[in-house]
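Asker: give me coordinates for this.
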Amino acid sequence: MNHISTYKSPLGVITILSDEDHLTGLWFENEKYRKTPIGQELTKEKSDVLRLTAAWLDIYFAGRDPGFTPPLKWKGSPFRMAVWEILSTIPYGTVITYGDIAKQLAKGGRMSAQAVGGAVGHNNISIIVPCHRVVGANGNLTGYGGGMSRKVALLTLEKVDMSGMRIPTKGTAL
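Answerer: This is a model prediction of the structure:
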């Protein structure tokens, strides 16, 4: 059985999805790659995972590192899940580049930062698996499925030094 609920954040409504034991989805309303399950039975009955996730979000939106992660279950290709695993290790209040992730995955070989960007963009569990903490080369802020204004707001909430970052005003990075 899948459980679904909404959370009213300062940045808009967030949909939270879980199975009986794991968080399986978290996205902003109108997010680019929203992954609402189709053809699955959903209940609005609150699961322990949904309550734990809401508690995590309460702490996070109060401007603090929650210090824990709800149990997660990713659904995606092995490559995407490897990228999401790296995302989950990015510390609160810090950023890394798509190239940094590509280097970690390549293990001495070569890996495309663009391929990493595609996997980051399809992250099923935004905020908690912090895709907003990934930036382009030289501090360029690049796309975020929840919208560039939300990416900036999340990084600002985490007190990331944004002084050297460039925020796009037009183009595909939005």
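
Asker: what backbone torsions are found at the spatially closest residue to Asp19 that is not a sequence neighbour?
Answerer: In space, and not counting its chain neighbours, Asp19 is closest to Asn2: 5.8 Å by Cβ to Cβ, 6 or more residues apart in numbering. (C-beta placed from N, C-alpha, C; glycine too.) Phi and psi for Asn2, reported as degrees, to the nearest 10, are phi -100, psi 140.

Asker: would you confirm that Asn2 contacts Asp21?
Answerer: No: applying Cβ atoms under 8 Å as the test, Asn2 and Asp21 come out as separate, 11.4 Å apart.

Asker: of the two, who's got more company?
Answerer: A count of neighbours by other Cβ atoms under 10 Å puts Asn2 above the other of Asn2 and Asp21, at 15 against 11.

Asker: and that one, what pLDDT?
Answerer: At Asn2 the predicted local distance difference test score is 86.

Asker: same check, this time on the one 5 residues further on
Answerer: According to the model's per-residue confidence, Tyr7 sits at a pLDDT of 96.

Asker: same question, Gly171
Answerer: Looking at Gly171, its pLDDT stands at 55.

Asker: could you do the one 3 residues further on as well?
Answerer: According to the model's per-residue confidence, Leu174 sits at a pLDDT of 48.

Asker: any idea how far Val49 is from the residue nearest to Asp19?
Answerer: Look at Asn2 and Val49: by Cβ to Cβ, to the nearest Å, they are 11 Å apart.

Asker: equivalent analysis for Gly76, please.
Answerer: For Gly76, the distance to Val49 under the criterion Cβ to Cβ works out to 19 Å.

Asker: higher neighbour count, those two?
Answerer: Between Gly76 and Val49, counted using other Cβ under 10 Å, the more crowded position is Val49 (22 against 15).

Asker: what strand or helix carries the more buried one?
Answerer: Assigned by DSSP states H and E, Val49 belongs to helix 48-61.

Asker: next, the buried residues of that helix.
Answerer: By neighbour count, and taking 16 or more other Cβ atoms under 10 Å as the criterion, the buried residues in helix 48-61 are Val49, Leu50, Leu52, Thr53, Ala54, Trp56, Leu57, Tyr60, Phe61.
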